[in-house]
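> sequence plus predicted model, see below.
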Amino acid sequence: MNIWRLWVGGKANLALIPHNLEYFSNHFIGERLGDAWTPPPVSINGKSKKLRDFVSWMERARVSSFFLREEQLSVPTPRIFKLSHERNSIFVSNNFADVVIDNKLTGLALVDPRKNIYKINALGGDLNDVAGVKQ
């Protein structure tokens, strides 16, 4: 099984920038937020950019405009996970890439985790390593 680093960001995409950078680290922790939850204030960068399926919030929180039930998938349930020593990164399995390609989702790159994504991004290089994935 291949593992990819999920990259959502860069200057090509719309981004939601929270006013309190710690908010998502303290609230989006895998638990239900409750009915009284209200979103924090955010700024929107790149308003003229095309709205894609994946929107960058910040390194620690990603959102997607799609939701798939397991019975809708033609592949086993995609694995999405984080590593304790890579707090700012999200990793996905190869079948996540299959779901992205099959559903023509945009706004992300799947990167070989051995690559220095920050250096490549700063130099304006292409981050995506999976054929068929459209940033």
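All right, it came through fine.

> excluding its backbone neighbours, what's nearest S93?
R79 (3.9 Å; C-beta to C-beta, 6 or more residues apart in numbering). Quick note: C-beta positions are derived from backbone N, CA and C, even for glycine.

> okay, now the one you found: neighbour count?
If you count neighbours by other C-beta atoms under 10 Å, R79 ends up with 13.

> any weak-confidence spans in this structure?
Within the chain, the segments meeting pLDDT under 70 span 1, 9-14, 21, 24-25, 28-30, 55-78, 82, 84, 86-87.

> over to W7: give its phi and psi.
phi -120, psi 120 (degrees, to the nearest 10).

> ok, what's across the strand from it?
A109 (DSSP bridges).

> list the residues that contact it.
Contact analysis of W7 by C-beta atoms under 8 Å, 6 or more residues apart in numbering lists 108-111, 117, 121, 127-128.

> ranges for the strands of the chain?
Here the chain has its strands, by DSSP state E, at 3-7, 15-18, 42-45, 54-58, 61-64, 80-83, 86-93, 109-111.

> coming back round to it: of all the contacts of W7, which two lie farthest apart?
Taking C-beta to C-beta, the two most distant members of the contacts of W7 are L110 and N121; they sit 14.1 Å apart.

> of those two, who's got more company?
Between L110 and N121, L110 has the larger neighbour count (other C-beta under 10 Å), namely 25 against 17.

> you'd agree H27 is up against P39?
No. H27 lies out of contact with P39 (C-beta atoms under 8 Å); the separation is 9.8 Å.

> joint contacts of the two?
Residues touching both H27 and P39 by C-beta under 8 Å, 6+ apart: none at all.
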